[in-house]
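**Q** Please find the sequence and the predicted model below.
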Amino acid sequence: MPYLEIRDLTVSYDKNQPTLERFSLNVEQGELLSLLGPSGCGKTTTLRSVAGFIRPDAGQIVINDHDYTRLPPNQRDIGLVFQSYALFPHLTVFYNVAFGLRMRRIPKKEVKERVTNALKMVGLEAFANRRPAQLSGGQQQRVALARATVIEPQVLLLDEPLSNLDARLRVDMRQEIRRLQQQLGITTLYVTHDQVEAMSISDRVVVMNQGEIEQIGTPEDIFAAPETVFVADFMGFDNHFNAAVESVQDSKLTVTWGGAPIELRWHSKFGSPPSGARAEIFFRADSASLLAGTEASGLAGEVILHTFHGNEVQYLVETDLGEFSIMQDSDSERFAPGAAVTVQAHTQKWIAILEETAARRVTGEKNDRAQAKY
Ligand SMILES: Nc1ncnc2c1ncn2[C@@H]1O[C@H](COP(=O)(O)OP(=O)(O)OP(=O)(O)O)[C@@H](O)[C@H]1O
Ligand SMILES: [Mg+2]
């Protein structure tokens, strides 16, 4: 049974256009689930609803089988770090972190011990007597993290908790959050824009787009096997082209590349498209290579542009299937603009998304929902 359930949640700031409409999501006990998606897709709205700062139009928030939907925020056993990490300006760092423990009437000695440990974790034990105004943005963010975790809540909600930290501290802190979360077994919803952060910290990742879930899965699944055009694009599959399906057989889908057939991974859960069905094929810049001249084994192209990146050179290559961005090791043969090349497909990491599936996701689901409303 899931520990945190968001059931059919509808939230509208503007009555005509709900930000979330019948949004559902389950988080297992002790799981760290990330919400990943572009600005404005509804990540903070989801978190604020779970915390109780937004009263939804419809739907339920259920934690450990108890209906929290009508419970005020201060009665929910939830630790929060919000995007704007409001600290109490008149309290010192120590008392900011101690706040939740004092509310819970924890004995003084234990408060001191737990606050000291929490401040150690975020590297701020020397700052206990400062006030928030005397700290940098990143330091304030770390105080907010200590304050959220020190109460060892049932559920932890983190909304871009590392956004104000420099690159090095971000990596340290995300490992620290993961360690603490696992050690205490806290069920956690983690919001981020940053793919790498989501991949490295999560048990599962949810990719959101305009208030809807595009895909939910392990970091490996989301990275390697996007199921929608949006997720493929968001996960950095820089190149795509449209192709006719030749055949589907034994978990392989065949399309034509240059003069020859190439085989891509195919999962039977996506059905068995007839030959001639259209698919969008996606691949990353590092899943193809260039050979000099025109070979029978690939797709003919012409180099348009090259950019040196240190270990790699990035080429923009024009072909009959469109322009592709292709990364090559900088030790390999170099090509100047205008050079005739052959693009070879390394299809192990390529993916195919049927056009029909893409269209159904965009129009069909909305229609279903519209019908259900009336
Ligand atoms: N208080 C509000 N009043 C009106 N509209 C709001 C309010 N808060 C959010 N919105 C709108 O709801 C949508 C979702 O906002 P939300 O803050 O949930 O996005 P987000 O995914 O957290 O984005 P970001 O990554 O930029 O933080 C946006 O279009 C936003 O403009
Ligand atoms: Mg937000």
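**A** Happy to help now that I have it. Ligands and ions are numbered 1, 2, ... in the order given.
**Q** Val122: what's it in contact with?
**A** For Val122, the contacting residues are Arg142, Val143, Leu145, Ala146, Met173, Glu176, by Cβ atoms under 8 Å, 6 or more residues apart in numbering. For glycine as for every other residue, the C-beta is placed from the backbone atoms N, C-alpha and C.
**Q** Among these, which one sits closest to ligand 1?
**A** Leu145 (17.8 Å; Cβ to the nearest ligand atom).
**Q** got the contact list for stretch 68-81?
**A** 47, 50-53, 56, 59-63, 100, 141, 144-145, 147-149, 151-159, 161, 186.
**Q** and that stretch, how far apart are its ends?
**A** Distance across stretch 68-81, first residue to last, is 19 Å (Cα to Cα, to the nearest Å).
**Q** So which bits of that stretch are buried?
**A** If you call a residue buried by 16 or more other Cβ atoms under 10 Å, then stretch 68-81 has these buried ones: Tyr68, Thr69, Arg76, Ile78, Gly79, Leu80, Val81.
**Q** And the residue in the stretch 101-250 of the chain that ligand 1 sits nearest to, how close does it get to Leu25?
**A** Closest to ligand 1 within the stretch 101-250 of the chain is His193: 5.6 Å, counting by Cβ to the nearest ligand atom. Applying Cβ to Cβ, to the nearest Å, the value for His193 to Leu25 is 18 Å.
**Q** Just want to know which of those two has more residues nearby.
**A** Comparing His193 with Leu25 by other Cβ atoms under 10 Å, the one with more neighbours is Leu25, at 19 against 14.
**Q** which secondary structure element contains that one?
**A** strand 20-27 (DSSP states H and E).
**Q** Check Arg168 too.
**A** Using DSSP H and E, the element containing Arg168 is helix 167-184.
**Q** which bits of the protein sit near ligand 1?
**A** Tyr13, Thr19, Gly37, Ser39, Gly40, Cys41, Gly42, Lys43, Thr44, Thr45, Gln83, His193 (Cβ under 6 Å from any ligand atom).
**Q** If any of the residues you listed are buried, put those into a ChimeraX selection.
**A** To isolate the buried members of those in ChimeraX, using 16+ other Cβ under 10 Å:
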select :19,37,41,42,43,44,45
